[in-house]
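S.K.: Fold the following for me, if possible:
(2 chains)
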Amino acid sequence: MKQAGAVLSVKNITKRFGGLVAVSNMSFDVAEHEMVGIIGPNGSGKTTMINMISGVFAPTDGRISLRGRLISDAAPQIIAREGVGRTFQLVRLLPGLSVLENVMAGAVYGHKRRWGREAEDFAHSVLERVGMDAMSHAPVSSLTYIDQKRVELARTLAGEPKVLLLDEWLAGLNPTELETGIELIHNLRNEGRTIVMVEHVMDAIRSLCDRCVVMSSGAKIADGTTDDVLSDQDVIRAYLGDDDA
Amino acid sequence: MNPATVQELIWAGVLVALAAFWPMMSNGYWLGIGVDVMMYTALATSWMLFSGPTHYISLASAAFFGVGGFVVGSGMSDYDASFWSMLALSAVIGGVLAALIGLATLRLSGVYFVIFTLGLAEMIRNLVSWVQNNFLGSRGLYVLTEFTDAHLYWMLLVTAGCVYLLGWIISRSRLGFALRIIGGDETVARHVGINTAMAKVILFTTTGVFGAIVGAIIAPRWSYIEPNQVFSPQLSFFVVIMALLGGSGRLWGPVVGVIPFLLIWNWVDSNFPNQSILVLGVAFLVIVYFLPHGFVGRIEQLRARARGR
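M.R.: Sure, this is the predicted structure:
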């Protein structure tokens, strides 16, 4: 599917770790303001795909471009400055820094390069956005899990990414937290952000994603609107096995 | 390491001004201790600029210090160069060496970085000894100047002041904030857009420059130097212990570690010369068991408790 005005474009991406093919010949585009889910069974290569987009490692083959600019061979800090922001599957906060400083970290080195008062004010506004401004001077060790995830999200938003990558952002939350989390992402979607999310929580996929790309064993097996994809025979087979398809 | 405040800078300025009077109030033994204190304050503070925020423990201090001493010694006794030109040259060589070590060790972290820097310092010591023995004829070098201990003390005080000022500026800058983020989580640092390699190399280079400058200034004190003396690995351990004893949370941490350590060390060394190395071991244990964040950490803990009351 080739779209005009694709913000993020992944073309024929393959990643081999020695003899293991983690991702094989993946292609998909993400249009502006679109919210795309990458789903698939465990070990199907979703996080590897996110890691290649954000530059943790380079693909063995293929091209990834952001607004027409090739980013697949760049270092993570270059990709971050180009406008790709991400969260991590296991939340990563900076332990020695306050909540506010954690969020400032996202604002200072992005493509806007804010500093001093300006960075602080901006971090406060992003924290308010995720409902965490009251905690801005708390040490991160005192936060609950959902709050840590919100701070990490705020740090990523503070870099004003053109594409936001959420790697299982909703994983590990209890039912109440999950509701808060889904609502938060829903709001981001309503702001018109371009988001790619890897997720296992199907309720969230159904209510949040316009489109889904389904991966199985490193390859793309479906790509389309969420409803179509979730009723696709191949997708059901990949998740549940042949007997239930 | 937290950003330093303006108040801290004023205090540091007052302390430097007061410390400048030390040579007028002391001589002999106590002036000698003053020189040691200034030397280790400059070394430990510059070590902290890099290792404090990033938590990369470098044992390469002796390499830079030795290069400084050796360049001054070699330049003055073999080439009749002036002390000042050799001081400038040693700063350049120390900086280049540190940048090269920094580039070579970028992919190392934790204990691998520690061992690599120690091994590298030893390699440089042996290399210099080998060159000295085989090509330069003599085992040692003479450094004869008109400088008295008071002069050396003032030069080291200025150096320590410059290290502090530079550290103060860095800790309030984007670069200083980047180093704290790197110390927290290097992966996050890269993903928020920090060129981690560049930040680490810049800071490690300043450590190398100041290490070499201090080595160059100290050289005249010994009159006669040989590689095994100026490249002594004991110096690298001293720097680390004093910085950690003081605490790596604040820029002024090393000073409060250097003074008590050197007083105890000198007392034990003059009264029980065979047991002096014991002080090193005990200091390690004290840091690990009682002062994990150094004196600074303890002081701030007490302050927080007083405020809470």
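S.K.: Show me which residues of chain A sit near chain B.
M.R.: Proximity of chain A to chain B (CB under 8 Å from any CB of the partner chain) is limited to residues A:54-56, A:75-77, A:80-81, A:85-86, A:88, A:92-97, A:101, A:104-106, A:108-111, A:115, A:155, A:159. (C-beta placed from N, C-alpha, C; glycine too.)
S.K.: now, which of the residues you listed lie within strands?
M.R.: Counting by DSSP state E, the residues of chain A next to chain B place A:85-86 in strands.
S.K.: For ChimeraX, write the selection for the buried entries among the residues of chain A next to chain B.
M.R.: Of the residues of chain A next to chain B, the buried ones can be selected in ChimeraX as follows, counting by 16 or more other CB atoms under 10 Å in any protein chain shown:
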select /A:54,55,56,75,76,77,80,81,85,86,88,92,93,94,96,97,101,104,105,106,108,109,110,155,159
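S.K.: Among the residues of chain A next to chain B, which ones are in helices?
M.R.: A:54, A:76-77, A:80-81, A:101, A:104-106, A:108, A:155 (DSSP state H).
S.K.: Which pair in the residues you listed has the greatest spatial separation?
M.R.: A:Ser54 and A:Glu101 (22.1 Å; CB to CB).
S.K.: B:Arg125 belongs to a helix, doesn't it?
M.R.: Yes: assigned with DSSP: H, G, I helix; E, B strand; the rest coil, B:Arg125 falls within a helix.
S.K.: contacting residues for it?
M.R.: Residues near B:Arg125 by CB atoms under 8 Å, 6 or more residues apart in numbering or on different chains: B:62-63, B:66, B:227-228, B:231, B:233.
S.K.: I'd like to know which elements the lengthiest helix in chain A is packed against.
M.R.: Criterion DSSP H: the longest helix present in chain A is helix A:175-190. Helices and strands touching helix A:175-190, by 3 or more CB pairs under 8 Å, 6 or more residues apart in numbering or on different chains; DSSP states H and E, are helix A:145-158, strand A:195-198, helix A:202-208.
S.K.: again, 10 Å this time
M.R.: When contacts are defined as 3 or more CB pairs under 10 Å, 6 or more residues apart in numbering or on different chains; DSSP states H and E, helix A:175-190 packs onto strand A:35-39, helix A:117-129, helix A:145-158, strand A:163-167, strand A:195-198, helix A:202-208.
S.K.: would CSV of the ones you listed with mean pLDDT be doable?
M.R.: Below are the helices and strands packed on helix A:175-190 laid out as CSV (pLDDT from 0 to 100):
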stretch, mean pLDDT
strand A:35-39, 93
helix A:117-129, 90
helix A:145-158, 93
strand A:163-167, 94
strand A:195-198, 94
helix A:202-208, 88
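S.K.: where does B:Ile124 land on pLDDT?
M.R.: For B:Ile124, the pLDDT comes out at 90.
S.K.: Sticking with the closest residue to it other than its chain neighbours, tell me its helix or strand.
M.R.: Leaving aside its sequence neighbours, B:Ile124 sits nearest to B:Ala63 (CB to CB, 6 or more residues apart in numbering or on different chains; 4.8 Å). Taking DSSP states H and E as the criterion, B:Ala63 maps to helix B:61-78.
S.K.: Low-confidence ranges, chain A, go.
M.R.: Along chain A, the model assigns pLDDT under 70 to residues A:1-4, A:243-245.
S.K.: what does the stretch 151-300 of chain B put close to chain A?
M.R.: Neighbours of chain A within the stretch 151-300 of chain B, by CB under 10 Å from any CB of the partner chain: B:172-174, B:177-178, B:180-185, B:187-198, B:249.
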